[in-house]
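**Student:** okay, structure incoming, though there's no sequence with it:
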């Protein structure tokens, strides 16, 4: 059976592993400053062909930015923020 390539309506809520509560697909689709959450493929694959849908909706660069860019580990970005705050305070 072929899965649909269309997202579910807003009557389907699933539990978000990052937020810890239920959310709609529409939220996941734009939560990353207008781009999808990096976990959207993992969370929604059982409900519809989310990869096919997103590849049609996103530019190649957007896809790379979200899914092929590993990003920084949280600890690195936290340390960089602390360092920047220290510089602003002169220390």
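**Tutor:** Ah, there it is. Worth saying up front: this structure is predicted, and the values here are computed from it rather than measured.
**Student:** centre of the chain versus stretch 12-31, how much separation?
**Tutor:** Relative to its chain's centre, stretch 12-31 lies at 10 Å (CA atoms, centre = their mean, to the nearest Å).
**Student:** do stretch 41-55 as well
**Tutor:** Taking mean C-alpha positions (CA atoms, centre = their mean), stretch 41-55 and its chain are 12 Å apart.
**Student:** contacting residues around it?
**Tutor:** With CB atoms under 8 Å, 6 or more residues apart in numbering as the test, stretch 41-55 has contacts from 3-8, 12, 14, 16-17, 25, 28, 36-37, 40, 63, 67. All C-beta spots, glycine's among them, are computed from the backbone N, C-alpha and C.
**Student:** among those residues, which ones are buried?
**Tutor:** Listed as buried from these are 7, 8, 16, 25, 28, 36, 37, 40, 63, 67; burial here means 16 or more other CB atoms under 10 Å.
**Student:** returning to that earlier point: what about the contacts of stretch 41-55, which are in strands?
**Tutor:** Cross-referencing those against strands under DSSP state E gives residue 14.
**Student:** pLDDT weak spots in the protein?
**Tutor:** When residues are selected by pLDDT under 70, those of the chain lie in 1-2, 70-72, 91.
**Student:** any idea which residue sits dead centre in it?
**Tutor:** Compute the mean C-alpha point of the chain, and by CA atoms, centre = their mean the closest residue is residue 37, 0.7 Å away.
**Student:** touching, it and residue 17? I think so.
**Tutor:** No. Contact criterion CB atoms under 8 Å: residue 37 and residue 17 do not qualify, at 10.0 Å.
**Student:** how about the helices in this protein?
**Tutor:** Remark: helices assigned in the chain by DSSP state H are 25-30, 40-44, 50-57, 60-63, 74-89.
**Student:** how about the second one, which residues are buried there?
**Tutor:** Neighbour counts using 16+ other CB under 10 Å place 40, 43, 44 of helix 40-44 among the buried residues.
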